[in-house]
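> let me see the structure of the following:
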Amino acid sequence: MNDVVNELGEESTAERLDRELIELVQEIRVLLPGVQVMFGFLLVVPFAVGFQSVTGAERALYYVALAATSVSAVLFIAPGARHRARFRDRDKEALIVSSNQLALAGTAFLAVAMTAVVALIGDYIYNWVVGVISGAVTFALIAWFWYGWSVSRELRHGDPPTFRRPGGREPQ
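All right, here's what the predicted structure looks like:
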């Protein structure tokens, strides 16, 4: 059957899985450097001279940003580590599904981290009102452009949003 499908110009299951894995890896390659830069920045902040003057609330917000960035980095790195640990298991589809879930969770923690960092900087430079507003705007932009836009497109086309397995199949 796959030979007939290939003659028609369509990809086989193995080719589709290879393509999906390559696409996923490329997407993570785009995300990971930003997470690493933010994590590096957050690691040096407590050693800066002015950090001693931050309030308890600012310290808590800083730690939320640091923890969320750390978790995000772990989740974005996990697919590569899992692939190395399981690459000979011949279960590429399960690897792609779990890696996609890890990447989505990583973007959620990255959203929390970015929101917290922007709110912290707004609060530190100006005041808590600017911090809250800038954090809320950042969160709204992330929510819309990372998630809402895709969900709204599916809803406009009459398809309820679903979590699909590679190849468009829904989980059982």
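> low-confidence stretches in this structure?
Residues of the chain meeting the criterion pLDDT under 70: 1-8, 159-172.
> give me the residue at the spatial middle of it.
Centroid check for the chain by Cα atoms, centre = their mean gives residue 107 as the closest residue, at 1.9 Å.
> so which helix or strand takes in that one?
Assigned by DSSP states H and E, residue 107 belongs to helix 92-125.
> other SSEs contacting that helix?
Counting contacts by 3 or more Cβ pairs under 8 Å, 6 or more residues apart in numbering; DSSP states H and E, helix 92-125 packs against helix 13-44, helix 56-86, helix 128-142. Glycine gets a C-beta too; all of them are placed from N, C-alpha and C.
> what residues of it count as buried?
Using 16 or more other Cβ atoms under 10 Å as the test for burial, helix 92-125 gives 92-93, 95-97, 99-100, 102-103, 105-124.
> who touches the closest residue to residue 69 other than its chain neighbours in this structure?
Distance criterion Cβ to Cβ, 6 or more residues apart in numbering; nearest residue to residue 69, sequence neighbours excluded, is residue 113 at 4.2 Å. Going by Cβ atoms under 8 Å, 6 or more residues apart in numbering, residue 113 touches 35, 38, 64-66, 68-69, 72.
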